[in-house]
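Enquirer: missing the sequence, but the structure's below:
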């Protein structure tokens, strides 16, 4: 192979015959710079020799895709350590994207994660880790079992930062105390002599500067090595300048009256303490973001009982393979997705669907992993395992959703990115102007002005502005049962223009209650209901439970049935008071040849209203019917009115027929109804509204809402629903009350306003302070105080959010 | 972890204060005039 020639291998999918292979070969050969291309149909692989000066693997991949085939890429996730700001994540992203064979790399700062799509024939995961390490960070492949470790790693990080903060706060407080003595208006405050002593100050400031401040030096070094500047550079420069200048003054003052010297140890120590506090807030916010995933992982079964070679054996979940026959006893979790091959049972899917009614399933039906087998023994053939199961997919969706970045937080980081070199430049100019022109030859004075510039410009308030507000805002929201999953959602929510409400479980309670009773002669209602209730009493079906509790509420006494039989999919058969009872569907009546044609019109009418009607036969004769239906939440009407008054477009979406949907919508005051939507169609409806340029919030509770929750600008899960819907959503409303939607939007508005105020304060301090300091009107200690005050004002402003009343 | 850092800080602070105390009272009492007094002059 000559020096101008390289070889690339692409794994191609979508080829069906030799013609396809030829087509790809021809197509690739036409790409400029390609010397030779061969495609192996059986291996689905193409080897290409090309001139790297003219083309690259990415162009070749594109060509294959243009031809209508796909290049198989491996996707891997890595945990990245050592990133401090947006500049770091951008650098890693850029570095990885430059790697040959990487088609796409994205790095998430908040989650400390990198998602890389790469060509496994060109490079390995190890190569990617090496590249990250070369850039000055740590990386490891993220496997599912590493989840726990990652969470522990975060917890440890929080503890470490807390410890460092307390350490540096304890040592900085005496310095702060001494600083207070500098002000003329605080002269009355007693300051112990020892804290005024330069050597005591030095002793207190040194550990803070080098033990606690080490991370800033390391961060600054890494950034400078990669020819960029971040906040660490400014922090390191500003605090070092203050510290070393004070150190110089301390030595210079030997022999003279030490108390007359103005030192700036407190400036450096307090700066570091405050910035560590910011880091602590950040670490806490990061830790919270992984909670949701941990909970989802917890839904999984740990082991499965499988039948291999006719022998039952318990194996761990990872060992289950597609095609294995799994035994699931009543009350156990179904370990993986599969098909029932033997047995029948009611399956509780509420953890995934929000549907409180267990679903009857029999041989040939599909079951989802991590749902619960209620009452029958099942044999299941595994169809999806590991990463392919429904739950694993949901976990992935949630993780990816969390991978998105918070725009306003990034803004602060980006600004401080340009800010640093500019400030350093201004500081140097300040020094030169003072040293050469204003006070020629007076090094100390010129240095003093430069420190003042560096210190006042420390974008510490800028760094605190967003995380403190977000922590306070999301914390207060959580007290009201509104859980924002991340800062970006807290930011987006206030822009919402349209709210789509799922009907079942969101506008309504999602729980059936007895609504209608129709009795035929010769029975009286009370006698009829006593018989029906007694017959249904032994059934565990939720509809039966709704009927029984509805009858009990009427004060009717129930008796024990002489015999009882549940007929899945049909209804029940029982003997009460020596009377044979049948309660159930049309099919049940037909099966027992009971004439019900007169009742069918009424039954249809009830069903059109969205109710479930059940026919009752006593002693072989049709006797009446009972109907159950979902009810509207008490708070729904007022909440809809509130949303409308906020200028929001409120829309109800449901799979029900138009007539039922309209009836319910009218009752709660919603004018816009989208009915008869299949579960998978909900996401399309969201997209349609988005296409009109609206920011859309989707509110739902079940797994069938999950795609729509994901597509919407903001997905809100009603907390009375399932854990999984909550995990898929951006916001979880624990109260299950629609008023929480308006509250969430209100909190978002307040928080964003708070962040803007904070950013304004931070910028105002920095941009007003720099010229003032450069002109020499600001002593470093005053600059330090102003800087500390700006941070404190930002934190105090953020804390106001914790007092908000909804 | 948190306890460790806190204890280290307190121990160090006491050490520094103790060191100064010994220096101020035993070694060189004259050379460490009260700052408060001086300021009030």
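Expert: Good, I have the coordinates. Quick caveat, the model's predicted, so the values are computed rather than measured.
Enquirer: Going by C-alpha atoms from here, please, whenever you check contacts or count neighbours.
Expert: Will do.
Enquirer: Could you tell me which residues of chain B lie near chain A?
Expert: Selection of chain B residues close to chain A by CA under 8 Å from any CA of the partner chain yields B:1-6, B:8-10, B:13, B:16-17, B:20-21, B:34-36.
Enquirer: Filter those down to just the ones in helices.
Expert: B:2-6, B:8-10, B:13, B:16-17, B:20-21, B:35-36 (DSSP state H).
Enquirer: Can you say which of the residues you listed are buried?
Expert: Among these, the ones that count as buried by 16 or more other CA atoms under 10 Å in any protein chain shown are B:2, B:5, B:6, B:9, B:13, B:16, B:17, B:20, B:35, B:36.
Enquirer: my guess is the third one meets residue A:165, correct?
Expert: To tie it back to what came earlier, the one meant is residue B:6. No - using CA atoms under 8 Å, residue B:6 is not in contact with residue A:165; the gap is 9.1 Å.
Enquirer: check contacts around the residue of chain B found nearest chain A.
Expert: Chain A sits closest to residue B:2 of chain B, with a gap of 4.0 Å, by CA to the nearest CA. Counting by CA atoms under 8 Å, 6 or more residues apart in numbering or on different chains, residue B:2 touches A:159, A:160, A:162, A:163, A:164, A:166.
Enquirer: just those that are near chain B?
Expert: A:159, A:160, A:162, A:163, A:164, A:166.
Enquirer: Nearest to chain B among those residues?
Expert: Among those, residue A:163 lies closest to chain B (CA to the nearest CA), at 4.0 Å.
Enquirer: could you say which helix or strand contains the closest one?
Expert: Element membership for residue A:163 (DSSP states H and E) is helix A:146-180.
Enquirer: what packs against that helix?
Expert: Using 3 or more CA pairs under 8 Å, 6 or more residues apart in numbering or on different chains; DSSP states H and E, the elements in contact with helix A:146-180 are helix A:193-196, helix A:198-207, helix A:265-289, helix B:2-22.
Enquirer: hey, least reliable of these by pLDDT?
Expert: Here the lowest mean pLDDT among these goes to helix A:265-289, at a mean of 72.
Enquirer: confidence score at residue 35?
Expert: By default, I'm working from chain A. 86.
Enquirer: my bad, chain B
Expert: pLDDT for residue B:35: 48.
Enquirer: Check residue A:1 too.
Expert: Listed pLDDT for residue A:1 reads 44.
Enquirer: do the same with residue A:402
Expert: Predicted confidence (pLDDT) at residue A:402: the value is 42.
Enquirer: buried residues in stretch A:625-637?
Expert: For stretch A:625-637, burial by neighbour count (16+ other CA under 10 Å) applies to A:625, A:626, A:627, A:628, A:629, A:630, A:631, A:632, A:633, A:636, A:637.
Enquirer: repeat for stretch A:534-546
Expert: Buried residues in stretch A:534-546, counted by 16+ other CA under 10 Å: A:534, A:535, A:536, A:537, A:538, A:539, A:541, A:543, A:544, A:545, A:546.
Enquirer: Provide the contact partners of that stretch at residue level.
Expert: With CA under 8 Å, 6+ apart, stretch A:534-546 has contacts from A:356-358, A:512-514, A:547-548, A:558-561, A:564, A:566, A:572-576, A:581, A:628.
Enquirer: repeat that for 6 Å
Expert: A:357, A:512, A:513, A:514, A:558, A:559, A:561, A:574 (CA atoms under 6 Å, 6 or more residues apart in numbering or on different chains).
Enquirer: what about it, start to end distance?
Expert: End-to-end distance for stretch A:534-546: 13 Å, by CA to CA, to the nearest Å.
Enquirer: any idea of the mean pLDDT in it?
Expert: Taken as a whole, stretch A:534-546 has a mean pLDDT of 82.
Enquirer: what do you get for stretch A:602-612?
Expert: Stretch A:602-612 carries an average pLDDT of 81.
Enquirer: Give me the contacts around it.
Expert: In contact with stretch A:602-612 (CA under 6 Å, 6+ apart) are residues A:627, A:628, A:629, A:660.
Enquirer: Next up, the contacts around residue A:29.
Expert: residue A:37.
Enquirer: And what about it, helix, strand or coil?
Expert: For residue A:29, the assignment made with DSSP: H, G, I helix; E, B strand; the rest coil gives helix.
Enquirer: Could you measure from it over to chain B?
Expert: 62 Å (CA to the nearest CA, to the nearest Å).
Enquirer: ok, now residue A:538?
Expert: 57 Å.
Enquirer: looking at this, that residue is in a strand?
Expert: No - Residue A:538 is assigned coil when assessed by three-state DSSP, not a strand.
Enquirer: backbone phi and psi for it, please?
Expert: Taking degrees, to the nearest 10, you get phi -80, psi -10 for the backbone angles of residue A:538.
Enquirer: any idea how far it is from residue A:560?
Expert: 9 Å.
Enquirer: Then residue A:72?
Expert: 64 Å.
Enquirer: out of these two, which sits in the busier spot?
Expert: residue A:72 (18 against 15; other CA atoms under 10 Å in any protein chain shown).
Enquirer: So for the more buried one, what's the nearest residue that isn't a sequence neighbour?
Expert: Spatial nearest neighbour of residue A:72, chain neighbours left out: residue A:11 (5.2 Å); criterion: CA to CA, 6 or more residues apart in numbering or on different chains.
Enquirer: any idea which element residue A:762 lies in?
Expert: Counting by DSSP H and E, residue A:762 is found in helix A:739-774.
Enquirer: hmm, I was thinking of residue A:782
Expert: Using DSSP H and E, residue A:782 maps to helix A:780-799.
Enquirer: What are the structural domain limits within chain A?
Expert: Per the TED database, the domain ranges recorded for chain A read A:6-71, A:74-145, A:321-384, A:482-507+A:632-748, A:511-631.
Enquirer: How far does the shortest one sit from its chain's centre?
Expert: Here domain A:321-384 shows a centroid-to-chain-centroid distance of 28 Å under the convention CA atoms, centre = their mean, to the nearest Å.
Enquirer: What of stretch A:88-108?
Expert: Relative to its parent chain, stretch A:88-108 has a centroid offset of 22 Å by CA atoms, centre = their mean.
Enquirer: Same check on stretch A:767-775?
Expert: The chain centroid and the centroid of stretch A:767-775 are separated by 41 Å, computed with CA atoms, centre = their mean.
Enquirer: Show which residues not belonging to it make contact with it.
Expert: The contact list for stretch A:767-775 (CA under 6 Å, 6+ apart) reads A:430, A:452, A:453, A:456.
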